[in-house]
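[1] What follows is a predicted protein model with its sequence.
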Protein chains: 2
Amino acid sequence: MTVTIKDIAKVAGVSYSTVSKALNDSPLVKEMTKRKILRTAKEMGYEPNLAAKQLVRKKTEVIGLIWPTIERIVLATLVTNISKAFEETPYSMILSVDTHETAMDTFKKFQVDGMIVFEETNSTAITQENIPIVAYGVSGNAEPSYPIIDANHEDSMHQAVGYLHKLGHEKIAYVGHIDTEDTLQLEKVEGYQNAMEQHGLDKETLTIDTAGLDWFDGYTAVEKVLSSKNKPTAVIGGSYDISNGILRALQEKDFQIPEEISLISYDNIPQMETTEIPMTCIGVPVQILAEEIVHAIIKRIETDEETAQVHKLFPTLTERHTCGPAPAH
Amino acid sequence: MTVTIKDIAKVAGVSYSTVSKALNDSPLVKEMTKRKILRTAKEMGYEPNLAAKQLVRKKTEVIGLIWPTIERIVLATLVTNISKAFEETPYSMILSVDTHETAMDTFKKFQVDGMIVFEETNSTAITQENIPIVAYGVSGNAEPSYPIIDANHEDSMHQAVGYLHKLGHEKIAYVGHIDTEDTLQLEKVEGYQNAMEQHGLDKETLTIDTAGLDWFDGYTAVEKVLSSKNKPTAVIGGSYDISNGILRALQEKDFQIPEEISLISYDNIPQMETTEIPMTCIGVPVQILAEEIVHAIIKRIETDEETAQVHKLFPTLTERHTCGPAPAH
DNA sequence: CATAAAAATAACAACGTTGTTATAAAATAT
DNA sequence: ATATTTTATAACAACGTTGTTATTTTTATG
């Protein structure tokens, strides 16, 4: 027997409509009775019935997040952070691990107020629903019909290169997945190469392909890095996983970090703090990314402006213990 | 303007209660009118309102799955499979990535019909809700108040050892995370050791600790495996990730697989098919695991028997290309 | 051809809320 | 003291379904 506002009304000796107002903190009910009602509601263990509310309000205050195919830790962290960010708002979040279509159906069934979509490299034509959508990543899309939140990868690389250069490094390698269709990866490499050029540094021999995005790919790439005739004094790892691989390999080869070689990782997630050596990193902090996404979808829902545009967030460089001045040679 | 049963009624020229019955395929309405109603409903693009249904039915036909802290690919695959398994049923699944408590609150708010909980090593006392629960994994709990679905790890190892032994292997190593509090891992090692004993094989020098569960841990452990004076001809990898690491390391050292060394991996997920060399593996196929979990929660919901018990599922050995007869020595 | 029985449909009260309108009580002005 | 405004509470109609009961229509029966 769940307790309803009618039950509360009986106990508190008022009408159920008054209870409803009291629970919604309406100014139409006297402060004293409001308090009394709230108290008895609590005592009786009242839990509002979402379905009933939804039926009249037409709002669910629920956002659906379409979780892409199983992904790397960075995305998982982002999901967690988004979920947390929603806790500050009246909205809750539910997840679906299905395909875009099935997930959309489920979410429509639930009548979610909005959806967050993690775009895959090739954005499957998101059927033009009349439901607010915000996408994360892949801003290649020229004329999106919904806002896209993305990180400014170009700027990340500029900051990373600039930072290392200021520390005296001239041979700065980029180790990441290069030979790919993946726009995200390509943007990073391009950013790196542009930055190197601007700083008047040689990039040709220092762009190293991991041919993959896993830890292991970073690990094995270190061989290539070290065998290069143009041995770098600093390395930019293309992702959290890759950088972890690099770090391990470097450690195993007894390199002093950061004395002998500096390492900076792309991605800015809390886990960077707890790597073997806490890693200096560059990227939009997930927390900010999450907040921005949450903010965007809520704005999209609550105002009906058609603000379909790409938001490029600026990264921040977080200094930890894997970068130091270039070794004297 | 969403279309309701009343709208359909008007168009079809019947009462809305008849429409309701027709849509629910009730025998109380004539076949002909039923067809007509169904047709107009479709034409008008009718979508039932879950909230309204829920309000009167008291059932949501939704299951909440509490997604544990960021996990390995095997668990992610399980989640995907569970989601798929629900597609065959009237139920849908939603996910929460929050802590047990917050997730439970969200799910209660949605009035889910049941919950699936991935138990963590130390099952946080799942507050005794009056909502059906089914847990996956960790059957250490002596007197659970809800069914627990788990794999029979002991038997997995028996099968693996038996299989390899039959192929002529006598030096069979187990490479996994051993020195841990993790019950799951411990059960695997114990299973291996018991099996070895039963087969009269030496296990002492062949139980190798990876000290971790990552790809890399398997990769590095191979050194230990090879440096052992008692070099094994077959290796049982403790998990998908670990086995992948082992496989890579073995490949890099130019071992012929399975001619020179056999490898069998714990876990039975489709991804085993697409490793560098398709891997022979032992474990309860995720699909079956998923189906069993889905079945258990639905049964729990639909019958009110108090069947709180541990279900240990039996593993199957899937032969692929990493195991072969022991090399003649 | 009435009449009872069966079959098909319609009417209506739930479900637990919210929001609007009506009424009662209290406060203020005349 | 009475009329008038203000404030507080109560009543009630939605919302879109389902399930039960009431009514109509059809079919079978004597």
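    Nice, I can see it.
[2] got any ranges where chain A has weak pLDDT?
    For chain A, the stretches with pLDDT under 70 are A:1, A:68-71, A:120-129, A:138-143, A:306, A:329.
[3] Which residues of it lie near DNA strand D?
    Residues of chain A found near DNA strand D (CB under 7 Å from any atom of the strand) are A:13-18, A:21, A:28-30, A:32-33, A:52, A:55-56. Placement of C-beta: from N, CA and C, glycine included.
[4] filter those residues to the buried ones?
    Among those, those classed as buried by 16 or more other CB atoms under 10 Å in any protein chain shown are A:14, A:18, A:21, A:29, A:33, A:55.
[5] Go through those residues and flag which are in helices.
    A:18, A:21, A:33, A:55 (DSSP state H).
[6] Report the entries of those residues that also contact DNA strand C.
    Restricting those to those near DNA strand C - CB under 7 Å from any atom of the strand - leaves A:21, A:55.
[7] Farthest-apart pair in the ones in helices among the buried ones among the residues of chain A next to DNA strand D, please.
    Pairwise distances across those (CB to CB) peak at 26.5 Å, for the pair A:33 and A:55.
[8] In space, what's closest to the residue in the stretch 101-250 of chain A that DNA strand C sits nearest to - neighbours in sequence excluded?
    In the stretch 101-250 of chain A, the residue that lies nearest DNA strand C is residue A:111 (14.1 Å; CB to the nearest atom of the strand). Leaving aside its chain neighbours, residue A:111 sits nearest to residue A:60 (5.2 Å; criterion: CB to CB, 6 or more residues apart in numbering or on different chains).
[9] separation between the closest residue to DNA strand C within the stretch 201-329 of chain A and residue A:295?
    Nearest residue of the stretch 201-329 of chain A to DNA strand C: residue A:302, at 14.7 Å (CB to the nearest atom of the strand). Distance, residue A:302 to residue A:295, by CB to CB, to the nearest Å: 11 Å.
[10] Could you check which of the two has the larger neighbour count?
    residue A:295 (15 against 11; other CB atoms under 10 Å in any protein chain shown).
[11] Find the helix or strand that that one is a member of.
    Here residue A:295 sits within helix A:286-302, counting by DSSP states H and E.
[12] Likewise for residue A:328?
    Going by DSSP H and E, residue A:328 is not in any helix or strand.
[13] and the residue nearest to residue A:20 when sequence neighbours are not counted, what does it touch?
    Computed as CB to CB, 6+ apart, the closest residue to residue A:20 that is not its neighbour in sequence is residue A:5, at 5.5 Å. The contact partners of residue A:5, by CB atoms under 8 Å, 6 or more residues apart in numbering or on different chains, come to A:16, A:19, A:20, A:23, A:46.
[14] Filter the residues you listed down to the buried ones, ChimeraX style.
    Burial among these is assessed by 16+ other CB under 10 Å; the matching ChimeraX selection reads:
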select /A:19,20,23,46
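[15] Residue A:95 belongs to a strand?
    Yes - Residue A:95: assigned to a strand according to DSSP: H, G, I helix; E, B strand; the rest coil.
[16] any idea how far it is from residue A:134?
    Distance from residue A:95 to residue A:134, by CB to CB: 15 Å.
[17] what's the answer for residue A:108, then?
    For residue A:108, the distance to residue A:134 - CB to CB - is 17 Å.
[18] Who has more neighbours out of the two?
    residue A:134 (25 against 15).
[19] and the more buried one, which of the three is it?
    Residue A:134 ends up strand, using three-state DSSP.
[20] from what I can see it touches residue A:146, true?
    Yes - the criterion here is CB atoms under 8 Å, and residue A:134 meets it with residue A:146 at 6.1 Å.
[21] so what sits against both of those two?
    By CB under 8 Å, 6+ apart, the residues touching both residue A:134 and residue A:146 are residue A:300.
[22] element containing the residue of the stretch 51-200 of chain A at minimum distance from DNA strand C, please.
    Among the residues of the stretch 51-200 of chain A, residue A:52 lies closest to DNA strand C, at 3.3 Å counting by CB to the nearest atom of the strand. Under the criterion of DSSP H and E, residue A:52 resides in helix A:50-57.
[23] show me what contacts residue A:176?
    For residue A:176, the contacting residues are A:185, A:188, A:189, A:208, A:209, A:210, A:236, A:237, A:238, A:239, A:242, A:266, by CB under 8 Å, 6+ apart.
[24] run the last query once more with 10 Å
    A:185-186, A:188-189, A:192, A:207-213, A:217-218, A:221, A:236-239, A:242-243, A:266 (CB atoms under 10 Å, 6 or more residues apart in numbering or on different chains).
[25] What of residue A:63?
    Residue A:63 touches A:82-83, A:86, A:89, A:91-95, A:107, A:112-116, A:132, A:134, A:293-294, A:297-298, A:301, counting by CB under 10 Å, 6+ apart.
[26] try residue A:42
    residue A:8.
[27] Is it located within a strand, as I assumed?
    No - when classified by three-state DSSP, residue A:42 is found to be helix rather than part of a strand.
[28] Where do the helices of the stretch 101-250 of chain A begin and end?
    Under the criterion DSSP state H, counting those that start in this stretch, the stretch 101-250 of chain A contains helices at A:153-166, A:183-198, A:215-227, A:240-252.
[29] what's the closest of those to residue B:322?
    Once these are compared by CB to CB, helix A:215-227 is nearest, at 18.0 Å.
[30] Please compute how far the closest one lies from its chain's middle.
    27 Å (CA atoms, centre = their mean, to the nearest Å).
[31] and that helix, what other elements does it pack with?
    The helices and strands touching helix A:215-227, judged by 3 or more CB pairs under 10 Å, 6 or more residues apart in numbering or on different chains; DSSP states H and E, are strand A:172-176, strand A:207-209, strand A:234-237, helix A:240-252, helix B:215-227, helix B:240-252.
[32] Reformat the ones you listed into TSV and put distance to DNA strand C next to each item.
    Listed next are the helices and strands packed on helix A:215-227 as TSV, based on distance: least, CB to the nearest atom of the strand, whole Å:
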stretch	distance to DNA strand C
strand A:172-176	51
strand A:207-209	57
strand A:234-237	51
helix A:240-252	43
helix B:215-227	50
helix B:240-252	46
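[33] Among these, show me which one is buried the most.
    Highest mean neighbour count among the helices and strands packed on helix A:215-227 (mean count of other CB atoms under 10 Å in any protein chain shown): strand A:234-237, with a mean of 30.
[34] partners of it in the sheet?
    strand A:172-176 (parallel), strand A:262-268 (parallel) (DSSP bridges).
[35] Could you pull out the buried residues of stretch A:94-107?
    A:94, A:95, A:96, A:97, A:98, A:100, A:102, A:103, A:104, A:106, A:107.
[36] what's the span of it, first residue to last?
    9 Å (CA to CA, to the nearest Å).
[37] so does it get close to chain B?
    Yes - residues of stretch A:94-107 contacting chain B under CB under 10 Å from any CB of the partner chain: A:94, A:95, A:96, A:97, A:98, A:102, A:103, A:105, A:106, A:107.
[38] now, the most widely separated pair of those?
    Farthest-apart pair in these is A:95 and A:105; separation 14.7 Å (CB to CB).
[39] The residue of the stretch 51-200 of chain A closest to DNA strand C - nearest residue in space that isn't next to it in sequence?
    Counting by CB to CB, 6+ apart, the residue nearest residue A:52 is residue B:55, at 5.6 Å.
[40] Distance check, the one you found against residue A:10.
    From residue B:55 to residue A:10 the distance is 21 Å (CB to CB).
[41] So the residue nearest to the spatial centre of chain A: helix, strand or coil?
    Geometric centre of chain A, nearest residue: residue A:78, 3.6 Å, by CA atoms, centre = their mean. Three-state assignment for residue A:78 (three-state DSSP): helix.
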